[in-house]
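Engineer: Here is the input, now give the coordinates:
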Amino acid sequence: MGYNLNRKRFKKAIDFYERVLGLQKKYEFKDYAGFDCGGIEIGLKTWGEMEKPRKGEPCINFLVEDIDDAYRNLRKEDIKIIEEPKETLWDSRVLLFEDPDGNLLQMTEINWEKYFKACAPK
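Structural biologist: Here you go, the predicted structure:
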């Protein structure tokens, strides 16, 4: 029964990363699926323990053109929102949310004009 429960969660996670976030699935095996994320692989697996993410843990950050649109799409999918879109100190907007297994993810909308001005050599 444990394996079937993990398998159901696994399929839900695959759907989330593929359909909701729009990542390209590179391959899927019985117990592992790999997704391309700009040349970096995000791997989902069925083995191991489920533990709550640690406070301040590193998170995966997805850059988006329109954070309000992304927020509406996540809400429509009933995704758990940790922090609604908010302004940052570097003139961007971010939102924090969880994947189906409780892993912390972030979306960021960057004001590129302000970003490049701030990064330009003085």
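Engineer: Model confidence score at the spatially most central residue of the chain, please.
Structural biologist: For the chain, the residue nearest the mean C-alpha position is L105 (3.9 Å; C-alpha atoms, centre = their mean). Per-residue confidence for L105 comes out at a pLDDT of 91.
Engineer: quick one, what contacts it?
Structural biologist: When contacts are counted by C-beta atoms under 8 Å, 6 or more residues apart in numbering, L105 touches 59-62, 96-99. For every residue, glycine as well, the C-beta is placed using N, CA and C.
Engineer: Recalculate using a threshold of 7 Å.
Structural biologist: By C-beta atoms under 7 Å, 6 or more residues apart in numbering, the contact set of L105 is 59-60, 97-99.
Engineer: SS state for it?
Structural biologist: Counting by DSSP: H, G, I helix; E, B strand; the rest coil, the backbone at L105 sits in strand.
Engineer: picking that back up, of the contacts of L105, which one scores lowest on pLDDT?
Structural biologist: Ranked by pLDDT, these bottom out at C59 (71).
Engineer: The closest residue to that residue other than its chain neighbours bridge partners, please.
Structural biologist: Counting by C-beta to C-beta, 6 or more residues apart in numbering, C59 lies nearest to L104, which is 4.4 Å off, once chain neighbours are set aside. Counting by DSSP bridges, L104 is bridged to E98.
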